[in-house]
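Q: here is the input, now give the coordinates:
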Amino acid sequence: MEPLPFRSVLTRSPRRFTIFADNLPLPLPGCYAIYGLLTNKWYVGDTRNMTSRRRQHEDDIRKKRQTLVFHADVYASSIEQFAFIPLFYFLVDRKFLASVETSLINELDSLLPNGYNVFSSRHDPGWTAPLRRPESMAKSRTNDVTRFSRLPQTLNSPKSIAKRNASLRTAAVKAKRAKSQREAFAAPEFKINHAAIMRDIYARPGATEKRSKIITESWKKRREKYGPSGRPPRKPK
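A: Residues are numbered from 1 along each chain as shown. Model (predicted):
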């Protein structure tokens, strides 16, 4: 096996992959490899975000989610004995991602038993998603039930309500709402639709009596608050 063509190691940590300073993972789509420095074996994969995929691999290993073949060798040694190496970036279109991944798997001979890839591509007809352990799935379901059961209390808590109200009272939100209302009112079909809706409402049985009752109760509350006139006092100029 020829030595890797990289000049210097950037990081070596017991919780992270080895990364080379002249080949840093960037937040771009592309193909990458995970290389075992002790085993001399490769794993090739493709991703939409190289940086996020590296962190996801590290998180799976840290939480003991054995979903890929090379994880067994990581647990037997350490994650720092494996290097995360970006191989190819897609700057424009990702439609050739699968074919590039397949060619890299063949070039690096990373299929089992010489490497860590089970299939020539995750787009292979025989490929299936890695199975999660039953205890991991049960824990995930329990967390989901707990989180969603608390959701109504969280959304209706005084703190959440105050936060939503404060966000709705900002000048930008008010200006946007006023603009959309002006545009809606200025539309020619608005008056026609509004008139049709109001005619339908007033044609319903008891609509007039209900409207009169609402207006009467409203004025009663205003008189209790502001006096016989039912109007707030004018502010002095």
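
Q: switch to C-alpha atoms for all contacts and neighbour counts from now on
A: Noted.

Q: helices along this structure, start to end?
A: Using DSSP state H, the helices assigned to the chain run over residues 50-62, 70-76, 97-108, 134-149, 151-155, 158-168, 171-186, 188-202, 207-226.

Q: show me the one of those helices that comes nearest residue 23.
A: Of all these, the one in closest proximity to residue 23, counting by C-alpha to C-alpha, is helix 50-62 (11.7 Å).

Q: may I see the buried residues of the closest one?
A: 50-51, 53-54, 57-58, 61 (16 or more other C-alpha atoms under 10 Å).

Q: could you dump the helices of the chain to TSV with distance to residue 18 and mean pLDDT?
A: Below are these laid out as TSV (distance: least, C-alpha to C-alpha, whole Å; pLDDT from 0 to 100):
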stretch	distance to residue 18	mean pLDDT
helix 50-62	11	89
helix 70-76	12	87
helix 97-108	19	84
helix 134-149	27	58
helix 151-155	40	64
helix 158-168	43	79
helix 171-186	47	82
helix 188-202	63	76
helix 207-226	71	86
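
Q: distance to residue 30 added to those, as TSV?
A: Shown next, in TSV, are the helices of the chain (distance: least, C-alpha to C-alpha, whole Å):
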stretch	distance to residue 30
helix 50-62	7
helix 70-76	20
helix 97-108	7
helix 134-149	29
helix 151-155	37
helix 158-168	39
helix 171-186	39
helix 188-202	50
helix 207-226	64
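
Q: between those helices, which one is closest to residue 232.
A: That would be helix 207-226 among these, by C-alpha to C-alpha, at 5.6 Å.

Q: list of residues touching the closest one?
A: Residues outside helix 207-226 that contact it (C-alpha atoms under 8 Å, 6 or more residues apart in numbering) are 201-202, 229-233.
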